[in-house]
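In: compute the structure for the input listed below.
(chains A and B)
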Number of protein chains: 2
Amino acid sequence: MAELKSDIQIARAADKKQIQEIGAKIGIPTEHLLPYGHDKAKVSAEFIKEKRGGKDGKLILVTAINPTPAGEGKTTTTVGLGDGLNRIGKKAIVCIREASLGPNFGIKGGAAGGGYAQVVPMEDMNLHFTGDFHAITTAHNLLSALIDNHIYWGNEQNIDTRRVAWRRVMDMNDRALREIICSLGGVANGYPREAGFDITVASEVMAILCLATDLKDLEKRLGDIIIAYRRDKSPVYARDIKADGAMTVLLKDAMQPNLVQTLENNPAFVHGGPFANIAHGCNSVVATTTALKLADYVVTEAGFGADLGAEKFFDIKCRKAGLKPAAAVIVATVRAMKMNGGVKKEDLGKENVEAVKKGCANLGRHIENVKQFGVPAVVAINHFTTDTEAEIQAMKDFVAAQGAEAILCKHWAKGSEGIEELAHKVVQIAESGASQFSPLYPDDMKLFDKIDTIVKRIYRGSEAIADKAVRDQLKAWEDAGYGNLPVCMAKTQYSFSTDPGLRGAPTGHVVPVREVRLSAGAGFVVAICGEIMTMPGLPKVPSSEKIFLNDAGYIEGLF
Amino acid sequence: MAELKSDIQIARAADKKQIQEIGAKIGIPTEHLLPYGHDKAKVSAEFIKEKRGGKDGKLILVTAINPTPAGEGKTTTTVGLGDGLNRIGKKAIVCIREASLGPNFGIKGGAAGGGYAQVVPMEDMNLHFTGDFHAITTAHNLLSALIDNHIYWGNEQNIDTRRVAWRRVMDMNDRALREIICSLGGVANGYPREAGFDITVASEVMAILCLATDLKDLEKRLGDIIIAYRRDKSPVYARDIKADGAMTVLLKDAMQPNLVQTLENNPAFVHGGPFANIAHGCNSVVATTTALKLADYVVTEAGFGADLGAEKFFDIKCRKAGLKPAAAVIVATVRAMKMNGGVKKEDLGKENVEAVKKGCANLGRHIENVKQFGVPAVVAINHFTTDTEAEIQAMKDFVAAQGAEAILCKHWAKGSEGIEELAHKVVQIAESGASQFSPLYPDDMKLFDKIDTIVKRIYRGSEAIADKAVRDQLKAWEDAGYGNLPVCMAKTQYSFSTDPGLRGAPTGHVVPVREVRLSAGAGFVVAICGEIMTMPGLPKVPSSEKIFLNDAGYIEGLF
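Out: Residues are numbered from 1 along each chain as shown, chains lettered A, B, ... in the order given. Take a look at the predicted model:
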């Protein structure tokens, strides 16, 4: 019966508790919860400060195989595991990312988890939520306006107007803004130049907000943003045009993590949402570190599959924030194994044990990879009703042969009851102290060698290649003192290679680095391998055409 | 002593009550207050619906003489009068506009009122507040994206791409976006065309939100927006590309009025903020009508001086929302009278009774004008410490000679205690039932005649003039069924004429209508007389350079 309800029906039927009650569960007093309606709140900066230096709970990463159209359910499993841990008597908090508003009007989207493992209020979380993304958009665009204004009034910093590196952003799928010429209309409007917009989640301000430890650190990082270069190639920083203070003011509230709840009334922090290609794809450091002070267990996720998401989580977020994950859960499904094993989407309903076995290669690679970081891994098989016993057993056997364990999880259909076994296993691993986390490469490795290390050890390619211009650029940044930064790989999420169609566990492929970008404020060098779209478009029939408020005041068509 | 404190110091020292306590004063139960932090809340749509059909309180408009650099204190007086009415035992609610965020980063701005007559929390109200303007920006830009997307995918509606009438918006002073070419970069990004951005407060969506009576009406009006014309000149509506439903969803929360408090813990609705030139410049109809159900007295204001603000309040807002104002307060200062009388700003500190008398002509004109709408007027002299007895007496004598009364008000320095006399006077007028409100012109007057009527009867010009093209356009709209709309005058706020330097009470001037625009969703025809800037720029040294968070977490430099 339960399976027949849609996510949104389940979410709307939720027996939500007042957010103050959820906060009380993890020791946040009412005065330190800044409510947004009755079911959302920000945790005050003062409270977060107070909790510094306390003991940390255990951090669990939920990651996944390479995504397929079959669906893996990473967020669903993150939420389910949080509920499962609470069910077995552990105080657990879920930490996930905020959703971008714009894309919901392109294709039917939304949701934060699914089935009986969801975070609510789903509608708000997929619309304006607590305004964090709007604040990021505004701070970003203030900087953009200040740059053109600086040049307009005489260009004291001698910005090379051909080398303005800072674009504008909007939380909207608007291809018409990808490439524009701005400042037309004569002297009162400035000098025309090429410019453009990215979607807000691609803003470096988003990445900065998600990596900053507090408002002081935020301000410093905002000041470090490279906005342009001079004729002598020297960088011009946001600090040089005195933008960092005002940007910080605009982000003051957005820096405070958002508390909501799961369907089972357990606490969830939903905060930040950087792109998982040109940025690191994890929720905010502030949310994660705060949650660790308040709970025995913090369950968080990283974008895309483990090759991109977990690698960045470990090498960027954990490295920089000093986090030590205690275990990793790799989410996989029978259906996705079958797709990796060559089955077409329309044939997924049929049993095919051989295809499962074949597709497991992709999963096996991710298990090995996670172990390279010293983090013990367990596989969560996110159950679909079409899965057969034999298929499930094939996956379990495969994972056992890798020296790990695969556990069938039915949280989608049953909530925490369906994921108890995984919760117990995670506790066992975490409490064993088996994790010996360390990043993949040291800070002082050369930038290109860092890229090459990821290509060889994680993607199992033969090598990373790049034009001389790209290598020279990396060398120049090393000379300028940026050599100690981690790298952030921007490549297709669908394959270990740069070919999205190449599923399974390819080896020996060459990974070409087309372009490199320096996110000096966020603190990483982006290596772009393939086409990365930073401003999506809308489809021929955008989902907005079907979105409306029904007579009962509910939103139709968004989910 | 008190006078030595700055507005922000006074605001920060405020003994704010929890917003639930403020709501309780006017009968809003906690469950119908959607809190945003502890000191702001939205009033739920359900509660507003419940209150429909109840008895209305009395509506008081606060308007002013033509603004001068000397400052009039219209919002300060609105807030002060609200407090004053509460002080003398009336249940009163203040209804004012929300502030635009962007301009605060250009010139030091902010504040909602001043001295001891302010609305708090001032910082939030000048930044993101409850996100209403961000929602408006998003809804507006969704429509923009959908238009270009519609053309991109084949232009089923046959939009004449030269006649796209809908721009984009941003809540930022960014002159570089005034005129752009978008959709560059080849076939994947669309077809290049000229486009541009206005500041969010200039969006028709803002005007619509402020005039809509509920979500259904909002959706209807959004659908009525003219986004472009076809080759045959027929209009294409937002409804034609199915944008109205999704835009309504984005504005669902923003339609609910925001409740905050005055320094004296009295309720204030702060909701909506349309431009006072190309739009009508009043807070939302929903806020005003809801407040009328909850209070004996509702004190509201309109943008700029009475020639623009009060005229639009009466002819657009009251006409359309069926409001019957009981009295109008015209705010004036001794200093402004002196400036109107020819005194320079640097000499305002010196007594000059003759200049006061001379400058009173401007005030006299506004008194006469307000009376033309059948609304009794009283003058509030907003006291400055430099005002002399003789100057004040000169103003009082002048107003008395006009058959009205001028009352000295010291709310800035003393709060409600300083404005009791005005409060009593307002009650006396309102309870006398003297108001016989009716708009200046009937709905069925020709559009150009409406403009000409305002020019002759309010501005006391000789006539309105316009090119044949403008007159033909008005005629075409009349033929298309828009002839019954009111007109919205966009002209300088500094003079009754179109010359900003012409103070006092000029007569006989010609008012040229340069351009007309149809805001079909908002429901008015805009007559543009002179240059109207819909996207401001930043100054050479923008205030953002001095804005930062201090170590105590307070915002410096914004006020």
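
In: ok, and the closest non-adjacent residue to the residue positioned nearest the centre of chain A?
Out: The structure's chain A has its C-alpha centroid closest to A:G281; by CA atoms, centre = their mean the separation is 2.6 Å. Using CB to CB, 6 or more residues apart in numbering or on different chains and skipping residues adjacent in sequence, the residue nearest A:G281 is A:G303, 2.9 Å away. (Glycine included, C-beta is placed from N, CA and C.)

In: repeat that for A:G109.
Out: The spatially closest residue to A:G109, leaving aside those adjacent along the chain, is A:P103, at 5.8 Å (CB to CB, 6+ apart).

In: the one you found falls within a strand, correct?
Out: No: under DSSP: H, G, I helix; E, B strand; the rest coil, A:P103 falls outside any strand and is assigned helix.

In: what is the neighbour count of it?
Out: 19 (other CB atoms under 10 Å in any protein chain shown).

In: now it: how far from chain B?
Out: A:P103 sits at a distance of 11 Å from chain B (criterion: CB to the nearest CB, to the nearest Å).

In: quick one: pLDDT of the residue nearest to the centre of chain A?
Out: At A:G281, the model reports a pLDDT of 95.

In: state the distance from it to A:F275.
Out: Per CB to CB, to the nearest Å, A:G281 is found 7 Å from A:F275.

In: which neighbours do these two share?
Out: A:G303 (CB atoms under 8 Å, 6 or more residues apart in numbering or on different chains).

In: quick check: the residue of the stretch 401-550 of chain A found nearest chain B vs B:L218, distance?
Out: Among the residues of the stretch 401-550 of chain A, A:F548 lies nearest to chain B; the distance is 3.0 Å by CB to the nearest CB. From A:F548 across to B:L218, the span is 12 Å (CB to CB).

In: more neighbours: which of the two?
Out: B:L218 (26 against 19).

In: from chain A, how far off is the more buried one?
Out: In terms of CB to the nearest CB, B:L218 sits 9 Å off from chain A.

In: pLDDT weak spots in chain A?
Out: A:1-3 (pLDDT under 70).

In: can you do 50?
Out: Along chain A, the model assigns pLDDT under 50 to residues A:1-2.

In: check contacts around A:E420.
Out: Counted by CB under 8 Å, 6+ apart, A:E420 has contacts A:G84, A:R87, A:I88.

In: mutual contacts of A:F548 and B:L218, please.
Out: Residues touching both A:F548 and B:L218 by CB under 8 Å, 6+ apart: B:T248.

In: hang on, the earlier thing: ChimeraX command to pick out the buried ones of the contacts of A:E420?
Out: The ChimeraX command for the buried members of the contacts of A:E420 (criterion: 16 or more other CB atoms under 10 Å in any protein chain shown) is given here:
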select /A:84,87
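
In: as JSON lines, the contacts of A:E420 with distance to chain B would be great.
Out: Converted to JSON lines, the contacts of A:E420 look like this (distance: CB to the nearest CB, whole Å):
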{"residue": "A:G84", "distance to chain B": "32"}
{"residue": "A:R87", "distance to chain B": "30"}
{"residue": "A:I88", "distance to chain B": "34"}
